[in-house]
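Chemist: Please find the sequence and the predicted model below.
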Amino acid sequence: MELLEVKHLNKSFGKKQILKDVSFSLTGGKIIGLLGKNGAGKSTLIKLINDLLTPTSGEILVNGKKVGIESKKVISYLPERTYLNKQMKVSEVIEYFKDFYDDFDEKKAKRLLKDLDLDIEERLTKMSKGMQEKVQLVLVMSREADLYILDEPLGGVDPATRDYILDTILSNFKENASVVISTHLISDIERILDEVIFIDKGKIILQSGTDELREKENASIDDIFRRMFKC
């Protein structure tokens, strides 16, 4: 059984069609880059997989079941914008996640926060945007989920922190789970990717293993992306 199946997915807002007959599937145990220009449909696709939007037509299956309450139990989602109550302390947010998610590992969260030099008793409102994003990523990666979906996880952090965050992602998802990363920072993440999906104007134009694609094109994933999406 596939971990994620997207079948003939379409999504329109009024007369504007954002996704056009999108179909692909993902197996477990991989890190996948969802790559495309701004406005290509990445965030809309991610929201549909997380049951935050309703498809115009088509179907999404997670572990063979339609998205809904059961899929939310096995998907750990990092949105592009923080949704946390900024008046809360980090320790209070940890308690919230522990109560809300049965698969949340409190010890792992506290260890990762310490590694990132984040004060567990500080209120989010006192933290910079980048620090808040680190907290949210730690919370997401501290769940024992089947599928992690990260929308721009590196957007607000400095280059020196990116490698640590990528290594955190690499070493903190359970065996046979998969991670989908949507990002513009392809050169930063391509070393950890097993597979890429290129999306353009609402359509999937390429899905490939990274090693096969690099060998075929004799170029890095970043270079291939720049070539394919050259303005």
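Modeler: Thanks, I have it.

Chemist: Pop out the phi and psi values for the residue nearest to the spatial centre of the chain.
Modeler: By C-alpha atoms, centre = their mean, the chain has its centre lying nearest to residue 150, at 1.7 Å. Dihedral pair for residue 150: phi -120, psi 110, per degrees, to the nearest 10.

Chemist: For the helix or strand of the chain with the lowest mean pLDDT, which residues meet the burial criterion?
Modeler: One helix or strand of the chain scores below all others by mean pLDDT, DSSP states H and E: helix 159-171, with a mean of 80. Buried residues in helix 159-171, counted by 16 or more other C-beta atoms under 10 Å: 161, 165, 166, 168, 169. The C-beta positions use only the backbone N, C-alpha and C, and glycine is treated the same way.

Chemist: Which secondary structure state is assigned to the residue lying closest to residue 62 once chain neighbours are set aside?
Modeler: Spatial nearest neighbour of residue 62, chain neighbours left out: residue 71 (4.0 Å); criterion: C-beta to C-beta, 6 or more residues apart in numbering. Assigned with DSSP: H, G, I helix; E, B strand; the rest coil, residue 71 falls in the helix class.

Chemist: What number of residues are in the vicinity of residue 71?
Modeler: As a burial measure, residue 71 scores 20 neighbours (other C-beta atoms under 10 Å).

Chemist: where along this protein do the helices fall?
Modeler: For the chain, helices defined by DSSP state H occupy the ranges 42-49, 69-74, 90-100, 106-115, 129-141, 159-171, 186-189, 210-217, 221-228.

Chemist: So what touches the fourth one?
Modeler: Going back to what we said before, that points to helix 106-115. 90, 94, 97-98, 120, 135, 138-139, 141-142, 164, 168, 172 (C-beta atoms under 8 Å, 6 or more residues apart in numbering).

Chemist: Repeat that for the second one.
Modeler: Applying C-beta under 8 Å, 6+ apart, the set of residues contacting helix 69-74 from outside is 50, 51, 62, 63, 65, 102, 103, 145, 146, 147.

Chemist: nearest to residue 206, of those?
Modeler: residue 147 (21.1 Å; C-beta to C-beta).

Chemist: list the contacts for that closest one?
Modeler: Residue 147 is in contact with 3, 4, 26, 62, 74, 75, 76, 177, 178, 179, 180, counting by C-beta under 8 Å, 6+ apart.

Chemist: measure it to residue 90 for me?
Modeler: Distance from residue 147 to residue 90, counting by C-beta to C-beta, to the nearest Å: 25 Å.

Chemist: what's residue 229 sitting at in phi/psi?
Modeler: Dihedral angles (degrees, to the nearest 10) for residue 229: phi -110, psi 20.

Chemist: Could you double-check that it lies in contact with residue 205?
Modeler: No. If you go by C-beta atoms under 8 Å, residue 229 and residue 205 don't touch, sitting 9.6 Å apart.

Chemist: ok, now how distant is residue 111 from residue 140?
Modeler: In terms of C-beta to C-beta, residue 111 sits 15 Å off from residue 140.

Chemist: For these two, work out which one has more neighbours and name it.
Modeler: Neighbours were counted for residue 111 and for residue 140 using other C-beta under 10 Å; residue 140 has more, 21 against 14.

Chemist: quick one: which of the contacts of helix 69-74 is nearest residue 125?
Modeler: residue 50 (25.9 Å).

Chemist: now the closest one, nearest residue through space, not along the chain?
Modeler: Nearest residue to residue 50, sequence neighbours excluded (C-beta to C-beta, 6+ apart): residue 77, at 5.0 Å.
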